[in-house]
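Asks: From the sequence below, what's the structure:
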Amino acid sequence: MESAINEPVRYTGTEQPDKHHYDGGLRHAIGVHRYQAMRAVRMPHSDGQEQGWTYNHQPYLAYWNERFYLQYLSNPVSEHIAPGRTLLATSEDGREWSEPVVIFPVYELPEHGEGDDHVPAGFGAVMHQRMGFYTAPSGMLLTLGFYGICPTPMHSPNTGKGIGRVVRAVREDGLLGPIYFIRYNRHAGWNESNTSYPFYKTSQDAAFVEACEALLADKLMTMQWWEEDRAKDGFYTFEAPPEGLRAPSYYHRPDGTVVALRKQQSAALSSDDGKTWGPVVKCPTISECFAKTWGQRAADGKYALVYGHSATRRNRFPMVVMTGSDGRDFDNMLCLESEVSPMRFTGQHKNLGSQYVRGIEEGNGTPPGSYLWNTWSMNKEDIWVCRTRLPVTGAVDEHVSDDFATPDTGSDLGMWSIYSPQWAPVRVVEFDGRKCLELRDEDPYDYALAERGFPASRKITVSLRVNMTDAGHGVPEIEVQDRHGVQPIRLRLEREWLIETESPTTKPVRFLPGEWCDLTIRLDCETQTYDLALNGEWIRNHAGFGKEVESLERLVVRTGSWRQDVRLTFLDGEPRNPGYCQEDRPGADAKVPLTRLLIDYVKTVAD
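Replies: Modelled structure (predicted):
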């Protein structure tokens, strides 16, 4: 393979997102499960959720000792406003997550600095790290953080003026070892004499010291530290402008070359595992939104690029995935995260959308199964974990016959894509002696969503059986969409009324909540019409499509109203800075009356 030193990665496809839609109008990847690992709340709750700290960001993921580990940093309200801390949650399956625990607590500073850099004694540090985990050759798992300093909200904690990087061991019994500094920002005046935690070399745990030394010698891992450190003491093995060394991720190509991907479309190559690097260069075909770019070799042997693709620097959507076979050329751009929930809390430097995506770094574990695992923050408030079926694809070859009793459909929902907030979960449950797909919703500003693709069809019959057992705050909607998300028909379940929102001239039809309801929708793109049957009786014949489409390829069921059109949210299709432009949304901390929708089966047939 040519070295491609001047363009280490490139997008060879033609698909580009439409900025007017949260999903970019792109095809959706098939079999994407998105789980909200942490939902931010401002006020106390009886369910034990992490309280009061609504700025949550920069998550990292590892798989160790048959468990997932998720780390993220947190501030009370805003980015760059102290105090800050870092938290850790764990999971056996990547779906259900433990309550987060603080692993790097608030750090109170001594009086420090002069002029604009002055902070008084007792001022809190702000955490900022570009790396969360390291699995040592011995098998020990380390988790790390960085204590930075922001004298004012316009200071950044990653300019080389912070205190230093802290580390602690994760024990096999789930307990954590003591906190140590693994590297001080000595050039900024911090060292053993004026910091609150000891240096790692003072530890009596020889295995821990050995793991720290192995990390310090790993130039690929420590490359990620440069942004907060910025020392010129010979520790780092590269020379590059500051804008070229931010938030790196890396992977090995088949020929052994390391590709490092950084913010702002930049990348570099190393042929000796990070000991030396080629120039940091721009990759003009990789258009990202000033957040992180993630690259890795996936479990199926192909390479994946994941990042927030945006037409502007301010918004951060959609999250896209592209794949390739050689680690350089990537194609088949698909939407990985199609949802952008409303920002619930005020705060500085808060961007809208899924952002700062990370996966599981090389050496930090391989979960069972053939999946791509990622994590990101939504709106810099909530932390999400995403599992994507491999190989990554946006098309389905076979028609649907799902009853949720078979292992692939019932236990794994392998071909389904789901969006599962903590207060609006999607899961398979037992009901009335059968297994059903359940969409619950008690979230005042979000919803549960389940999506099932089928072969692109000009004529298609979609059948499903649903039961709205509880009609609370959320109002379920059922849609059939084309590849761009255009819906010619949308059915809305308004308690005892079935309403076809895309056909305003049709009359609502009664149905009975709490009872099973069979729906059959026959759609014809050649005549741009549909027929609708309720419990075997055709109630609509040759009704006109609400929106014109050429073909159809997915069924979408939600517990709330469609929100894909950005123009419904922002002025002129361009986002404002929502953190500055709003107060906390009312009622964001309180659950609302339950809406519960069950799906018994879904079938599609080409006509």
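Asks: and residue 324, how many residues sit next to it?
Replies: Around residue 324 sit 19 other residues, with neighbours defined as other C-beta atoms under 10 Å. Any C-beta I mention is one placed from the backbone N, CA and C, and that applies to glycine too.
Asks: tell me the secondary structure for residue 37?
Replies: With DSSP: H, G, I helix; E, B strand; the rest coil as the basis, the three-state label of residue 37 is strand.
Asks: need the contact list for the residue nearest to it when sequence neighbours are not counted.
Replies: The shortest distance from residue 37 to any residue other than its chain neighbours is 4.2 Å, reached at residue 97 (C-beta to C-beta, 6 or more residues apart in numbering). With C-beta atoms under 8 Å, 6 or more residues apart in numbering as the criterion, the residues that contact residue 97 are 35, 37, 38, 70, 89, 90, 91, 385.
Asks: How about residue 495?
Replies: For residue 495, the contacting residues are 471, 513, taking C-beta under 8 Å, 6+ apart as the criterion.
Asks: what's the answer for residue 415, then?
Replies: Residue 415 neighbours (C-beta under 8 Å, 6+ apart): 30, 31, 389, 396, 400, 402, 408, 409, 452, 453.
Asks: let's go with 7 Å and repeat that
Replies: Applying C-beta atoms under 7 Å, 6 or more residues apart in numbering, one finds that residue 415 lies in contact with 30, 31, 396, 452.
Asks: For stretch 184-203, output the C-alpha coordinates as PDB.
Replies: The C-alpha trace of stretch 184-203 is given here as PDB (Å, rounded to 0.1, in the frame of the first residue of the first chain):
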ATOM      1  CA  TYR A 184       3.000  16.300  36.700                       C
ATOM      2  CA  ASN A 185       2.900  19.400  34.600                       C
ATOM      3  CA  ARG A 186       6.300  20.300  36.000                       C
ATOM      4  CA  HIS A 187       6.900  23.100  33.500                       C
ATOM      5  CA  ALA A 188       3.800  24.800  34.900                       C
ATOM      6  CA  GLY A 189       5.200  24.600  38.400                       C
ATOM      7  CA  TRP A 190       3.400  21.500  39.700                       C
ATOM      8  CA  ASN A 191       5.300  18.600  41.400                       C
ATOM      9  CA  GLU A 192       5.400  16.400  44.500                       C
ATOM     10  CA  SER A 193       5.700  19.300  46.900                       C
ATOM     11  CA  ASN A 194       2.500  21.200  46.100                       C
ATOM     12  CA  THR A 195      -0.100  18.600  45.000                       C
ATOM     13  CA  SER A 196      -2.600  16.600  47.000                       C
ATOM     14  CA  TYR A 197      -1.900  13.100  45.700                       C
ATOM     15  CA  PRO A 198       1.500  11.200  45.800                       C
ATOM     16  CA  PHE A 199       3.600  10.300  42.800                       C
ATOM     17  CA  TYR A 200       3.000   6.800  41.500                       C
ATOM     18  CA  LYS A 201       6.600   5.700  42.300                       C
ATOM     19  CA  THR A 202       5.800   5.900  46.000                       C
ATOM     20  CA  SER A 203       3.200   3.200  45.800                       C
END
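Asks: Buried residues of it, list them for me.
Replies: Of the residues in stretch 184-203, 184, 185, 188, 190, 195, 197, 199, 200, 203 count as buried by neighbour count, 16 or more other C-beta atoms under 10 Å.
Asks: Likewise for stretch 95-113?
Replies: The neighbour-count check on stretch 95-113 (16+ other C-beta under 10 Å) flags 95, 97, 100, 103, 104, 107, 109, 112, 113 as buried.
Asks: beta partners of the spatially most central residue of the chain?
Replies: When the chain is reduced to its mean C-alpha position, the closest residue under C-alpha atoms, centre = their mean turns out to be residue 376, at 3.4 Å. Taking DSSP bridges, one finds residue 384 as the beta-bridge partners of residue 376.
Asks: Over to residue 294?
Replies: residue 306.
Asks: Make sure it is actually in contact with residue 307.
Replies: Yes: with contact taken as C-beta atoms under 7 Å, residue 294 and residue 307 are classed as touching, separated by 6.5 Å.
Asks: ok, residue 269 to residue 8 distance?
Replies: For residue 269, the distance to residue 8 (C-beta to C-beta, to the nearest Å) stands at 5 Å.
Asks: and if you look at residue 495?
Replies: Between residue 495 and residue 8 the distance is 56 Å, computed by C-beta to C-beta.
Asks: mind checking the end-to-end distance for stretch 155-175?
Replies: This stretch, stretch 155-175, spans 35 Å end to end (C-alpha to C-alpha, to the nearest Å).
Asks: chain center to that stretch, what's the gap?
Replies: Here the centre of stretch 155-175 is set off from its chain's centre by 22 Å, with C-alpha atoms, centre = their mean, to the nearest Å.
Asks: about what we covered before: of all the buried residues of stretch 184-203, which comes closest to residue 432?
Replies: Within the buried residues of stretch 184-203, distances to residue 432 taken as C-beta to C-beta reach their minimum at residue 197, with 56.4 Å.
Asks: what's the distance between that closest one and residue 74?
Replies: To residue 74, residue 197 is 19 Å away according to C-beta to C-beta.
Asks: Ok, residue 406 next?
Replies: Using C-beta to C-beta, one gets 41 Å for the distance from residue 406 to residue 74.
Asks: what stretches of the protein score poorly on pLDDT?
Replies: Low-confidence segments of the chain (pLDDT under 70): 1-3, 44-51, 239-245, 311-313, 407-411, 504, 567-581.
Asks: rerun at 50
Replies: Scanning the chain for pLDDT under 50 picks out the ranges 1, 46, 48-49, 571-573.
Asks: Grab the longest helix from it for me.
Replies: Of all the segments assigned as helix in the chain under DSSP state H, the longest by residue count is helix 206-217.
Asks: wait, residue 381 sits on residue 345?
Replies: Yes: with contacts defined as C-beta under 7 Å, residue 381 counts as touching residue 345 at a distance of 6.0 Å.
Asks: who touches both of the two?
Replies: Common neighbours of residue 381 and residue 345 (criterion: C-beta under 7 Å, 6+ apart): 40, 54.
Asks: Keep only those of the buried residues of stretch 184-203 that are in strands.
Replies: With DSSP state E as the criterion, strands contain residue 184 from among the buried residues of stretch 184-203.
Asks: Make JSON lines from the buried residues of stretch 184-203 and add distance to residue 340 to it.
Replies: Supplementary listing: the buried residues of stretch 184-203 in JSON lines, determined by distance: C-beta to C-beta, whole Å:
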{"residue": "184", "distance to residue 340": "40"}
{"residue": "185", "distance to residue 340": "36"}
{"residue": "188", "distance to residue 340": "38"}
{"residue": "190", "distance to residue 340": "39"}
{"residue": "195", "distance to residue 340": "40"}
{"residue": "197", "distance to residue 340": "39"}
{"residue": "199", "distance to residue 340": "44"}
{"residue": "200", "distance to residue 340": "41"}
{"residue": "203", "distance to residue 340": "44"}
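Asks: Can you pick out the most distant pair from the buried residues of stretch 184-203?
Replies: Largest separation among the buried residues of stretch 184-203 by C-beta to C-beta: 188 and 203, giving 23.8 Å.
Asks: Which parts of the protein are helices?
Replies: The residue ranges that make up the helices of the chain, judged by DSSP H, are 206-217, 219-222, 226-229.
Asks: Next, format these as a markdown table and append mean neighbour count and distance to residue 507.
Replies: What follows is those, written out as a markdown table (neighbours: other C-beta atoms under 10 Å; distance: least, C-beta to C-beta, whole Å):
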| stretch | mean neighbour count | distance to residue 507 |
| --- | --- | --- |
| helix 206-217 | 16 | 68 |
| helix 219-222 | 21 | 64 |
| helix 226-229 | 24 | 61 |
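Asks: Mind putting the ones you listed into a markdown table with distance to residue 459?
Replies: Putting the helices of the chain into a markdown table (distance: least, C-beta to C-beta, whole Å) gives the following:
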| stretch | distance to residue 459 |
| --- | --- |
| helix 206-217 | 59 |
| helix 219-222 | 53 |
| helix 226-229 | 54 |
